[in-house]
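In: Just to be clear, the model below is a prediction. Sequence and coordinates:
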Amino acid sequence: MYEVGTLGLAKIDTAGWKVRWATRIPLPEAPGRYLAGVQPQFFSGYVDVFSFRYRSDFPIPLTDAVITAVNDAGQVLVSCSIPPLAQNPVLLPHAGILLLPSGGSVAAYSAATGALRWKAAAEMSDIAGDTVYASTERRGGRVVAYDAASGRRLWSLRLATGAEPQALTVANGIVYLTARLPSAADEYALAIRARDGTLLWQRSLASMSPQLSLDAGGFLLALPNNDRYGTAQLIQARTGRLVASARTGTHQPLYWRSWSSMVGGAPVVVATGDNDGTPAFIVTSAHGYPATVAGAYGLSLAAVAQNVAYFISPQPCPPQHLKVTGVDIRSGRTLWSVRLPSTLCNDQQGSPALIPYDGGFAIPTDNGQVLLYR
């Protein structure tokens, strides 16, 4: 587990909860009473830490921010300043490039000098290794791969005429894209081999504007997005084969969250939405596990790990008390319920963060400590 704060970044071994290393990271300087914000992004072999300062009455960065790359040994690789309103910056230390997506394009700057190296059209983009993958609606809709250091175009794949890309992600050597056709009621998903742009498969999705997520077991999940409900689809990521699907209709539209897990070697999806007060979650798999509702009313699904769904009080200070309830996702049976310390109550919106780990869960506190439960 990584712990990030205003003083630096620490890597923690959850087996014994020992700190492997801790390193200070550069922070932006700002006069007066400013708060500090820190956001990490995790990549293979290093972590990007985006840090900025803001006023409590004006919660957006007002000064230049700083982004720092730290390797797995805790060493700072490179650090540079960026404009305060930059969105989703990515620092690629091995390529020496800082990527700034903005306004329908992605721009690459030298991490050493700040000079613009290259710029390309991109409504959406993602990074894997030192390659940038972008989608654009220009010229009929395309997916394009660029070398991050030079901006050289590696390959380009044209989409169907009139296709509008909606979401893009890269994982395990495959680019996944959803797109919409003006004449179709639904969207479709494509899988593209990242190294050469070969189209691997294409299939229709059962929802408009679906959320896409990819689990470590190689399954792609398409869920209805935000205020729509319909069918959740579980797709084998490398073949495009539909493994399972489930209706997600309810009395009111749900805001969906999802996790992927494994039960008896079969893929399982757990999804929830609680804006109607019913923390229901649906499990789909090749074994056909039924839809299940949590035994503890009024709780929100916080995480799923090792076949246990963790439900937590949705507000920091409910009328009764803060609690976490564990539910077996295979049967819907409540396993246990524990009260959390009243010291976790505060005036902030939303419940405390919950982090599952091997054999238990952790709750970070506002004073920089972590509470461990087994």
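Out: All right, it came through fine. All of these numbers come straight from a predicted model, not from anything done at the bench.

In: any idea which element the nearest residue to residue 243 once chain neighbours are set aside lies in?
Out: The shortest distance from residue 243 to any non-neighbouring residue, by Cβ to Cβ, 6 or more residues apart in numbering, is to residue 234 (4.7 Å). For glycine as for every other residue, the C-beta is placed from the backbone atoms N, C-alpha and C. For residue 234, the host element (DSSP states H and E) is strand 231-236.

In: same check, this time on residue 77
Out: Counting by DSSP H and E, residue 77 is found in strand 76-82.

In: hey, C-alpha coordinates of the helix or strand residue 125 falls within in CSV?
Out: Counting by DSSP H and E, the element that carries residue 125 is strand 124-128. Provided in CSV are the C-alpha atoms of strand 124-128 (Å, rounded to 0.1, in the frame of the first residue of the first chain):
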residue,chain,number,x,y,z
MET,A,124,-9.1,11.2,-25.1
SER,A,125,-5.8,9.7,-24.4
ASP,A,126,-4.1,7.0,-22.2
ILE,A,127,-0.5,5.9,-21.6
ALA,A,128,1.2,2.5,-21.5
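
In: what about that strand, average pLDDT?
Out: Averaged across strand 124-128, pLDDT comes to 89.

In: Check which helices and strands that strand is in contact with.
Out: strand 97-102, strand 131-136, strand 164-171 (3 or more Cβ pairs under 8 Å, 6 or more residues apart in numbering; DSSP states H and E).

In: Include mean neighbour count and distance to residue 24 when you put the ones you listed into TSV, please.
Out: Output for these, formatted as TSV (neighbours: other Cβ atoms under 10 Å; distance: least, Cβ to Cβ, whole Å):
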stretch	mean neighbour count	distance to residue 24
strand 97-102	21	21
strand 131-136	24	30
strand 164-171	19	31
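
In: so where do the strands sit in the stretch 101-250 of the chain?
Out: Counting by DSSP state E, counting those that start in this stretch, the stretch 101-250 of the chain has strands at residues 105-110, 116-121, 124-128, 131-136, 142-147, 153-158, 164-171, 174-180, 187-193, 199-204, 211-214, 219-223, 231-236, 242-247.

In: following the worst-scoring helix or strand of the chain on mean pLDDT, which helix or strand comes up?
Out: Lowest by mean pLDDT, DSSP states H and E among the helices and strands of the chain is strand 292-293, with a mean of 48. Sequence order places strand 300-305 as the next helix or strand after strand 292-293, per DSSP H and E.

In: Could you pull up the residues touching the closest residue to residue 193 other than its chain neighbours?
Out: In this structure, residue 193 finds its nearest non-sequential neighbour in residue 200, 5.7 Å apart by Cβ to Cβ, 6+ apart. Residue 200 makes contact with 174, 191, 192, 193, 238, 240, according to Cβ atoms under 8 Å, 6 or more residues apart in numbering.
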